[in-house]
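Asks: need a 3D model of the sequence below.
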Amino acid sequence: MKRIIYRAWDKGNKRMLYSESFHANFYTEPNLGKCVCGVAHSISRSEPMLFTGLEDRNDKWIFEGDIVSFKYSNCKLKAQVVYDNIFCSFRLIQLDNDEQKYEIRDGRCYEVIGNIHENPDLLTFSEKEKGI
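Replies: You can find the predicted model right below:
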């Protein structure tokens, strides 16, 4: 059986917890979204994020909630890693155009530059970055 690796954002203490440092059983309930059982932290204080199984070009693990940079058609883009319940796979949502979605292929094409919790500033774009 493949080992499932995850991390969770502790909202109360504002820190990332990795599955090696605590025990939890994560499962998805179709109508409720993500749920957590067996965690010392309450569900309302933790947000679980699953490991994609991929490493970026710097050998860093890529998790759901990470922000990555990559090249596509000679453009450098930033995107958020999300789990798509419809396609049952991880996907990328382009940060400056959330209508643009990409499949995650080879992790070596990407570079993890942060995540949505520890680096919320990466989610905003300057007018220069938007091309205005």
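
Asks: so how far is R57 from S89?
Replies: Using CB to CB, to the nearest Å, one gets 21 Å for the distance from S89 to R57. Any C-beta I mention is one placed from the backbone N, CA and C, and that applies to glycine too.

Asks: what of R45?
Replies: The value you get for R45 to R57, if CB to CB is used, is 33 Å.

Asks: and for D10?
Replies: 28 Å.

Asks: so for these two, which residue has more residues nearby?
Replies: Between D10 and R57, counted using other CB atoms under 10 Å, D10 has the larger neighbour count: 17 against 14.

Asks: that one touches P48, doesn't it?
Replies: No. Using CB atoms under 8 Å, D10 makes no contact with P48, being 10.8 Å away.

Asks: show me where this structure has helices.
Replies: Assigned by DSSP state H, the helices in the chain fall at 127-130.

Asks: what is the burial count for F90?
Replies: Neighbour number of F90 under other CB under 10 Å is 20.

Asks: got the contact list for it?
Replies: 52, 64, 81-84, 104 (CB atoms under 8 Å, 6 or more residues apart in numbering).

Asks: farthest pair in those?
Replies: T52 and D84 (11.9 Å; CB to CB).

Asks: neighbour count for the two, which is higher?
Replies: T52 (20 against 12).
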